[in-house]
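**Student:** dropping the sequence and predicted coords here.
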Amino acid sequence: MTDDDYRVLEVRNGRVPCIPGKDETIEHCRFCVFSRAFRVRGAYVTSPALAYCLRHRACEEVDLKAVQAVKCADKQGEGYRSMMNIIG
């Protein structure tokens, strides 16, 4: 996927509109397989969910209180899916 293919979910009160009618906390986004990046103070940083991805290997901690938006790769409307189910 290119950057233009991702949904950008704006953060409001620590939550994002994951799927219609269902908001999720950004703490969930941190561990979601669809989470690609967090916008923090205007710049995108790789999502911690990609820590085990061989291509991205994200290893920096993200200040969740400063997150303004989340880039999401969920195009099918599946909603939150924990990466812990995959690596566990």
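**Tutor:** Yep, that arrived.
**Student:** so who does the residue nearest to the spatial centre of the chain touch?
**Tutor:** In the chain, the centroid-proximal residue (CA atoms, centre = their mean) is residue 35; its distance is 2.7 Å. Neighbouring residues of residue 35 by CB atoms under 8 Å, 6 or more residues apart in numbering: 29, 47, 49-50, 70-73. Yep, even glycine has a C-beta here, placed from its N, CA and C like the rest.
**Student:** how near is it to residue 14?
**Tutor:** From residue 35 across to residue 14, the span is 15 Å (CB to CB, to the nearest Å).
**Student:** one more: residue 23?
**Tutor:** Here the criterion is CB to CB. By it, residue 23 lies 9 Å from residue 14.
**Student:** same thing with residue 61?
**Tutor:** In this view, residue 61 and residue 14 are 17 Å apart by CB to CB.
**Student:** quick one: which of these two has more around it?
**Tutor:** Using other CB atoms under 10 Å as the criterion, residue 61 and residue 14 rank with residue 14 on top: 13 against 9.
**Student:** can you classify residue 74 by secondary structure?
**Tutor:** Following DSSP: H, G, I helix; E, B strand; the rest coil, the label given to residue 74 is coil.
**Student:** number of nearby residues for the closest residue to it other than its chain neighbours?
**Tutor:** In space, and not counting its chain neighbours, residue 74 is closest to residue 34: 4.0 Å by CB to CB, 6 or more residues apart in numbering. Neighbour count for residue 34, taken as other CB under 10 Å: 22.
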